[in-house]
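Peer 1: based on what follows, work out the 3D shape:
(2 chains)
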Protein chains: 2
Amino acid sequence: MKKLINDPQAVVAESVEGFVAAHADLVVSSGDEEKLFVSRAGGAVSGKVGLVSGGGSGHEPLHAGFVGLGMLDAAVPGAVFTSPTPDPIVAATVAADGGAGVLHIVKNYTGDVLNFETAAELAELEDVTVTSVIVDDDVAVQDSLYTAGRRGVAGTVLVEKIAGAAAERGDDLEAVAAIATRVNENVRSMGVALTACTVPHAGKPSFDLAEDEIEIGIGIHGEPGRERIPAASADEITERLLTAVADDLQVASGDRLVLLVNGMGGTPASELYIVYRQARALLEQRGASVERSLVGNYVTSLEMQGASVTVLRLDDELLSLYDAPVHTAALRWGA
Amino acid sequence: MKKLINDPQAVVAESVEGFVAAHADLVVSSGDEEKLFVSRAGGAVSGKVGLVSGGGSGHEPLHAGFVGLGMLDAAVPGAVFTSPTPDPIVAATVAADGGAGVLHIVKNYTGDVLNFETAAELAELEDVTVTSVIVDDDVAVQDSLYTAGRRGVAGTVLVEKIAGAAAERGDDLEAVAAIATRVNENVRSMGVALTACTVPHAGKPSFDLAEDEIEIGIGIHGEPGRERIPAASADEITERLLTAVADDLQVASGDRLVLLVNGMGGTPASELYIVYRQARALLEQRGASVERSLVGNYVTSLEMQGASVTVLRLDDELLSLYDAPVHTAALRWGA
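Peer 2: From the prediction side, this is the model:
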């Protein structure tokens, strides 16, 4: 294992330390290793619904990279590929509350769901009203190594962006949660891995893939997908991903879409654009219109080579919220 | 070799096609495979100095990712790790000319320097005034596989950003070239590779690194650096890079700096922030102040794992130009 790290146990703490130093205009760290979270530099916004997300580390820029104007108020990083415990989630929830309650945006992994649930109950004892939305956009598999039901993957970024904009314009907690739910209902994803990744404290690859083999439907922790197939062309791979996603979402002629091609951490940008090219062409063949695009590393799996394709069906309100200003470390426009 | 590509010979064309489709609000492609370049969607800006850069592909987002308001007017992608020929450079130069002349920003590789020189002469025959600035910020080695003198690496992004802002505010060609030169004189970089990368049409890694070996001072094409050493901690590696950079730049107490920690394409963001943390601490130990920061993939080497550290010494004018609005696919603020 060769990595740009020091002590494998210190990866998250040191990385967060670098992150908040680099983006001190946007974020601060709680500075408490037992209750580590990242929140907006200006603190909770009075009267605004607070948005809190989090999960295992190793998926950067998710979630800390999306803290800031128009998106999250706080992000809670767990150990690599490990849910954060309830304590830091409670602390982040209290810090994010501006008096209008807090929305938890939770990727559908059993550990995350349980710990955010417990944290929500504990935060209620501290007089913070909490509502939760579970993101489960991955069409690859029902149930898997760490999940009952579908997994939450790159669609989470779009839930955070659009719900964040709803909170910023002054929607109340119920309305923000309804928007987040509507995004989740209209977003689907599926990914592929060309290579495995290595969790620092494990020191060896999470799984084995032969030199001529790829995994379709990979999870963001390397958990099994739909099938292993021989290495194929980008167009063939993209067609498998896009077809699964678009069929499940029932993309139809006239649909207006966001297309997100997400890198898993170790994939050259040039390859992501080759995937984008084919995914877009296939959507247009269905008569749909790609209104907005994101291509890059948003929800990663350490240094894994691979990509995922995410499609969100828009309506007028979702598009307007998508376009609303955002200023975070990893996503910025209009501000 | 497993990559998300189709025909290895079509990588650049297909990737550019995806890129301009994803960012159609910003850029257009020349659409001519023999004279392939990417330029601003709105065409040349009348009366503004045009900025053109380019070089081998495989370093994305450099250069096409930096075409747009406040930065480049056109970018010319060669084959992977291969300089573009003069023809597309001439075409891009003519397209970028708004009547105030064109600045070529050229990384110091022999092929790039020769081809941009030839292109400048040919463009002059078409009545475009061209001035060139060579970027040579890499302190690792004097002369190397493809270079006489120092190589041009991630500092190029800062040259393009700041010279782009000078052009946008209306500086004439001589003044924009002087600003670009001043940035180059005040910027230094050095990189490290943990793994090699594989050029698609070669099909095998550009060089070999043992499982416990890293290369300090790596070039962005995998060309040899200063030394191969046993794998070391992020802090030790960063200290080697930062010390070489800061000593060469003679960073002194009171200096105001931009610190850019650049990923080579296959490095998790978390690792880049661990490098950033140590690089910043070492600069602050010298009494310098990190005024602005960039952490991410800006000048890559396909899927290489590794990073580079770039330091730019600021003055009031360079800082103000750095902060000026920019709207490109890979860098955006204030617009």
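
Peer 1: spell out which parts of the stretch 151-300 of chain A neighbour chain B.
Peer 2: A:192, A:194-195, A:211-212, A:214, A:231, A:233-235, A:237, A:265-277, A:280, A:293, A:295, A:297, A:300 (C-beta under 8 Å from any C-beta of the partner chain). From N, CA and C alone the C-beta is placed, and that goes for glycine too.

Peer 1: stretch A:57-75 and chain B in contact?
Peer 2: Yes: Stretch A:57-75 reaches chain B (C-beta under 8 Å from any C-beta) through A:57, A:58, A:60, A:61, A:65.

Peer 1: pLDDT of that stretch, averaged?
Peer 2: Averaging pLDDT along stretch A:57-75 yields 98.

Peer 1: and of the residues of stretch A:57-75 next to chain B, the nearest to chain B?
Peer 2: Using C-beta to the nearest C-beta, residue A:60 is the member of these that sits closest to chain B, with 3.9 Å.

Peer 1: identify the residue spatially nearest to that closest one, adjacent ones excluded.
Peer 2: residue B:269 (3.9 Å; C-beta to C-beta, 6 or more residues apart in numbering or on different chains).

Peer 1: in this structure that neighbour contacts residue A:301, no?
Peer 2: No: the pair residue B:269 / residue A:301 is not scored as a contact, 11.8 Å apart, by C-beta atoms under 8 Å.

Peer 1: what do those two both touch?
Peer 2: Here residue B:269 and residue A:301 have residue A:265 as joint contacts, going by C-beta atoms under 8 Å, 6 or more residues apart in numbering or on different chains.

Peer 1: coming back round to it: out of the residues of the stretch 151-300 of chain A next to chain B, which are inside strands?
Peer 2: Of these, the ones assigned to strands by DSSP state E are A:192, A:214, A:293, A:295.

Peer 1: what's the burial count for the last one?
Peer 2: Yep, that's residue A:295 we're talking about. Residue A:295 has 24 neighbours, counted by other C-beta atoms under 10 Å in any protein chain shown.

Peer 1: likewise for the first one?
Peer 2: The burial count assigned to residue A:192 is 28, neighbours taken as other C-beta under 10 Å.

Peer 1: how about the contacts made by it?
Peer 2: With contact taken as C-beta under 8 Å, 6+ apart, residue A:192 is in contact with A:214-218, A:225, A:237, A:240-241, A:306-308, B:4.

Peer 1: sorry, back to before: which of the residues of the stretch 151-300 of chain A next to chain B are buried?
Peer 2: Applying 16 or more other C-beta atoms under 10 Å in any protein chain shown to those, the neighbour count classes A:192, A:194-195, A:214, A:231, A:234-235, A:237, A:265-277, A:280, A:293, A:295, A:297, A:300 as buried.

Peer 1: would residue A:312 count as being in a strand?
Peer 2: Yes: Residue A:312 forms part of a strand when assessed by DSSP: H, G, I helix; E, B strand; the rest coil.

Peer 1: quick check, residue A:10 in a strand?
Peer 2: No: counting by three-state DSSP, residue A:10 is not found in a strand; it is helix.

Peer 1: gap between residue A:217 and residue B:227?
Peer 2: 43 Å (C-beta to C-beta, to the nearest Å).

Peer 1: when these two are compared, which one has more neighbours?
Peer 2: Taking other C-beta under 10 Å, residue A:217 and residue B:227 do not tie; residue A:217 has more neighbours (24 against 11).

Peer 1: hmm, back to that, just the contacts of residue A:192: which are in strands?
Peer 2: Using DSSP E, the subset of the contacts of residue A:192 located in strands is A:214, A:215, A:216, A:306, A:307, A:308.

Peer 1: how many neighbouring residues does the last one have?
Peer 2: Pointing back at residue A:308 there. Residue A:308: 30 surrounding residues under other C-beta under 10 Å.

Peer 1: leaving out chain neighbours, which residue sits closest to the residue nearest the centre of chain A?
Peer 2: The centre of chain A sits closest to residue A:156, judged by C-alpha atoms, centre = their mean, with a distance of 3.9 Å. With sequence-adjacent residues excluded and distances taken as C-beta to C-beta, 6+ apart, residue A:156 is closest to residue A:135, at 4.8 Å.

Peer 1: tell me, how many residues neighbour that neighbour?
Peer 2: Neighbour count for residue A:135, taken as other C-beta under 10 Å: 28.

Peer 1: and the residue of the stretch 1-150 of chain A that's closest to chain B?
Peer 2: In the stretch 1-150 of chain A, the residue that lies nearest chain B is residue A:18 (3.4 Å; C-beta to the nearest C-beta).

Peer 1: so who does that residue touch?
Peer 2: Residue A:18 sits next to B:272, B:273, B:274, B:275, B:276, B:277, B:280, B:295 when contact means C-beta under 8 Å, 6+ apart.

Peer 1: closest to residue A:148 among these?
Peer 2: residue B:273 (33.0 Å; C-beta to C-beta).

Peer 1: report pLDDT for the closest residue to the closest one other than its chain neighbours.
Peer 2: Spatially, and ignoring its direct neighbours in sequence, residue B:273 is nearest to residue A:18 (3.4 Å; C-beta to C-beta, 6+ apart). The per-residue pLDDT reported for residue A:18 equals 98.

Peer 1: let me see the ranges of the strands in the stretch 51-200 of chain A.
Peer 2: Ranges of strands within the stretch 51-200 of chain A are A:74-80, A:102-107, A:130-135, A:187-193, based on DSSP state E, counting those that start in this stretch.

Peer 1: ok, residue A:233 to residue B:59 distance?
Peer 2: Separation of residue A:233 from residue B:59 (C-beta to C-beta) stands at 23 Å.

Peer 1: what's the answer for residue A:61, then?
Peer 2: From residue A:61 over to residue B:59 (counting by C-beta to C-beta), the distance is 21 Å.

Peer 1: in terms of neighbours, single out the busier of the two.
Peer 2: A count of neighbours by other C-beta under 10 Å puts residue B:59 above the other of residue A:61 and residue B:59, at 29 against 23.

Peer 1: was I right to think the more buried one contacts residue B:308?
Peer 2: No: with contact defined as C-beta under 8 Å, residue B:59 does not count as touching residue B:308 (11.5 Å).

Peer 1: what sits in contact with each of these two?
Peer 2: residue B:299.

Peer 1: okay, domains of chain A per the record?
Peer 2: A:8-185, A:187-326+A:329-333 (automatic domain parsing).

Peer 1: can you lay out those as CSV showing distance to residue B:169?
Peer 2: As requested, these are exported to CSV (distance: least, C-beta to C-beta, whole Å):
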stretch, distance to residue B:169
domain A:8-185, 23
domain A:187-326+A:329-333, 22
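
Peer 1: what's around the closest residue to residue A:77 other than its chain neighbours, how many residues?
Peer 2: Nearest residue to residue A:77, sequence neighbours excluded (C-beta to C-beta, 6+ apart): residue A:57, at 4.6 Å. Using other C-beta under 10 Å, residue A:57 has 27 neighbouring residues.
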